[in-house]
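Novice: Here you go, sequence then predicted model.
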Amino acid sequence: MGGHPEAQEILMIDHIGFPVSDYERAKSFYLKALAPLGYSLIMEVKQEENDNALACGFGAGGKPDFWIGGEGGLNKPLHVAIAASDRAAVDAFYAAAIAAGGRDNGAPGIRAHYHPNYYGAFVFDPDGHNVEAVCHAPG
């Protein structure tokens, strides 16, 4: 699931959301794991269309673009990659995610099979979703 350096210039996806099996556990994980990427909890809402299950949106700069919902987990894991400002932020994401209970799925490093400057780290969240931080800038 690699990307291209040009992809960072135009962001087409407004937000992403997915259900989790244990809302409070996932919320705690993402609060810690996403902090090094400049993400914080922006809002929490009740989903009236989903039996009032809670959902929360994380983001940077006041815009929630990464959502989790407490309506129950998925039967297959998903992959999501969040852009990091530099390689140090990728490293910090990985350390924070592991400390928050994530499982290693690829330590920080170059993934040259995507492109020569693709620096990413991969962690499984508590539901087994593959969460990545990636920086496309040269070292």
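Specialist: Here it is on my side, so go on.
Novice: Now Phe124: closest residue in space, sequence neighbours ignored.
Specialist: Closest residue to Phe124 apart from its sequence neighbours, by C-beta to C-beta, 6 or more residues apart in numbering: Arg103 at 4.3 Å. Yep, even glycine has a C-beta here, placed from its N, CA and C like the rest.
Novice: Tell me how far the one you found lies from His136.
Specialist: Distance, Arg103 to His136, by C-beta to C-beta, to the nearest Å: 25 Å.
Novice: the more surrounded of these two?
Specialist: The neighbour comparison of Arg103 against His136 (other C-beta atoms under 10 Å) goes to His136, with 21 against 12.
Novice: so that one touches Pro116, yeah?
Specialist: No. Assessed by C-beta atoms under 8 Å, His136 is found out of contact with Pro116, at 10.0 Å.
Novice: got a pLDDT number for the residue nearest to Phe124?
Specialist: What the model reports as pLDDT for Arg103 is 98.
Novice: Asn75 too?
Specialist: For Asn75, pLDDT reads 89.
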